[in-house]
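Enquirer: can't give you the sequence, but here's the structure:
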């Protein structure tokens, strides 16, 4: 089984956006054990999409398209693919109704009607997060799948429909597991597991570093799911022996998801007092549905005055040690805890950069404190990233500190 | 002049990495006025690189390769391209010396010798940041450029050598401008400018929708920069006449950058009281260096109790109208303004979803209020996205409301 990924969009050819869809589709296909020999990107151009389709039909069994299903005039993937396959398009009244519903009380622009046209003998893939439906077409022993271009729509629809459709087309199973680590650099981590990496055949091991964490993807190939899982279990325990203290998930969770789950299990409420991260940490936690079960309130105390007024930091502490100090971090967390009906208080204060450095307080210096009624821990970290990188690393480090605090690891 | 970008690397086909090289090369080529009709990604496979080369030679004048020049066995871009072009490879002693030098005191792995082989009649592009040199080949009126795959090597070598080589091959200039809009959907926007889109030749007009906003890129081609700029000015003013109320930047700024700039100019301090966005809006503003000039503090009032305690929302208001209501939004913004040393207070309260819907209060319903000492405005919005999509749209809508408030537009 060979697949070809075809991404349609002039914005890709102009370099306006980076092609994350090609990567997402490639990853998922690799996991399914389906080979990808080519990714082709082509503009919103009827003739060139037809050429690309004919090329791909000659060399692949499965063609997956992203993009060009929108309502505007230049969107023509559906039309071009139908021409190449010699298939007609017809108006589907049900889809038209759904698009009308999507617009609810607003007037539907006439051009959106275009999205209700459907290739004959195709299976319609309903789009619950946008207006453009996708399509699954079988023709001359080939499978052709059309998905919309916006990444959140594409990933949603791939996971919802395409995964199970393709799974039955593969004769071996590939299973992957992503082990997530935080607090160790990629090369230090690799040094600890280099013999496993060098000897890898099945499972394979790949590390991906970014934004203050390193993910390890282990991938096993076998003729059954249990056999693949057994291979993964074995490798996972070997990795665990080397780097256990840095692993926060064996299950591809984010660090905030892990903390959210732990807080739910323990029925604990949390609150943040954020300075340099300024809402980022709270925002990460609340991107999880149901976050109101664990988050009560947070303060973004950006000015010194707000640290004094909102969480009762002592003016002398700020004068003597500065806003970016261990002492201020502790008072922020403890003041927060005292003021609000919460069980865990976290504070983050640091210098995100690029400006704000002072003598002895370089860009990237951050203090994080986690406090409960009984105890607190405070840590100093020094990050070397951009402003946004330092803020993200600080927020992640704060979540990891809460995780360790709850596990009594520190 | 048409170019084709060919990225070589099995890691791309497996989705291990995202293809930033294709984007970089596309951007640079667009700026040079060189059309890119296709980007092709192919694995480290001799036969398939040859096929891809032959395809590209049939449809493009310039072929730019990235990747497959490394020392390992699977790297074979140079070899495949030479086969397709019917050119020999010879060992270049000078390059060999340079690679030996690069390894300095370390032992050079034997495999690195492979990198000293050079296509006949090619120009060698020295690599100062890695070991693999690049090549510039002219054959049968086609230009073929081979660059190494690591992004920092590719960008370095493109900027150092390729830019000037290609610039002399282009006899016109391309200039782009990105006009940013918010508060109107892509198809409604296109309806207002459809005659301009239909008639587009030079400048061209393209719209890109995502996350609650629509960007319009206008691109002009001319034989001088001033002529290109004049074409853009003309189109910009025509677009302005149609959709002025939705445009917040003619200069590719984000909505939070525009608001930051306006607050700085007016020397105003701002604060947020966020419920459903829970820190996202404040975090967006503070990702701009120097944000402390305008942000004093913010509250994330997630629970009802925190709305009462922190910004003095009346308990009766919550009982009678609910936390997601115009009345609560107004009290949040006004309470915030009263409590803190700020000039502008913003509140955001809504239902991000997917849970939390109640009778008459659907997912995506959001109220935003902006208040100063003298006046306030409050708006109701209804978004149709995912949880994160609704939160992001809410935050952007809040910034746009501040912009309009400061401009006295509403």
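Expert: Now that the structure is in, tell me what you want to look at. These numbers were taken from a predicted model, which means no experiment stands behind them. Numbers count the residues shown, from 1 in each chain, chains lettered A, B, ... in the order given.
Enquirer: Just the endpoints, please. Distance across stretch A:80-92?
Expert: Stretch A:80-92 has an end-to-end distance of 18 Å (criterion: CA to CA, to the nearest Å).
Enquirer: contact partners of it?
Expert: Stretch A:80-92 has contacts (CB atoms under 8 Å, 6 or more residues apart in numbering or on different chains) with A:46, A:49-50, A:53-54, A:57, A:65, A:68, A:78-79, A:113, A:116-122, A:124, A:137, A:139, A:144, A:146. To be clear about C-beta, it is placed using only N, CA and C from the backbone, and glycine gets the same treatment.
Enquirer: Now, these that are in strands?
Expert: Using DSSP state E, A:65, A:117-119, A:122, A:124, A:137, A:139, A:144, A:146 are the members of these that sit in strands.
Enquirer: tell me the two of the residues you listed that are most distant?
Expert: Pairwise distances among the ones in strands among the contacts of stretch A:80-92 were taken by CB to CB; the largest, 17.4 Å, belongs to A:117 and A:139.
Enquirer: ok, back up a step: report the buried members of the ones in strands among the contacts of stretch A:80-92.
Expert: With neighbours counted by 16 or more other CB atoms under 10 Å in any protein chain shown, those contain buried members at A:65, A:117-119, A:122, A:124, A:137, A:139, A:144, A:146.
Enquirer: sec struct for the residue nearest to residue A:39 when sequence neighbours are not counted, please.
Expert: Across the structure, with CB to CB, 6 or more residues apart in numbering or on different chains as the measure, the residue nearest residue A:39 apart from its sequence neighbours is residue B:41 (3.9 Å). Classification of residue B:41 using DSSP: H, G, I helix; E, B strand; the rest coil returns strand.
Enquirer: Just confirm residue A:27 contacts residue B:15, I think it does.
Expert: Yes: under the criterion of CB atoms under 8 Å, residue A:27 makes contact with residue B:15 at 3.2 Å.
Enquirer: These two: who's more crowded?
Expert: Using other CB atoms under 10 Å in any protein chain shown as the criterion, residue A:27 and residue B:15 rank with residue B:15 on top: 22 against 16.
Enquirer: Mind telling me what element the more buried one is part of?
Expert: Mapping residue B:15 onto the secondary structure by DSSP states H and E places it in no helix or strand at all.
Enquirer: Verify the stated contact: it with residue A:32.
Expert: No: here residue B:15 does not reach residue A:32: they are 11.6 Å apart, not a contact under CB under 8 Å.
Enquirer: now, which of the ones in strands among the contacts of stretch A:80-92 sits nearest residue A:331?
Expert: Sorting the ones in strands among the contacts of stretch A:80-92 by how near they are to residue A:331, with CB to CB, puts residue A:65 at the top with 56.5 Å.
Enquirer: what sits opposite the closest one in the beta ladder?
Expert: Residues in a beta bridge with residue A:65, per DSSP bridges, are residue A:6, residue A:146.
Enquirer: residues of stretch A:379-388 that come out buried?
Expert: For stretch A:379-388, a neighbour-count test (16+ other CB under 10 Å) marks A:379, A:381, A:383, A:385-388 as buried.
Enquirer: how about TSV for those, with secondary structure added?
Expert: Formatted as TSV, these follow (three-state DSSP):
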residue	secondary structure
A:379	strand
A:381	strand
A:383	coil
A:385	coil
A:386	coil
A:387	helix
A:388	helix
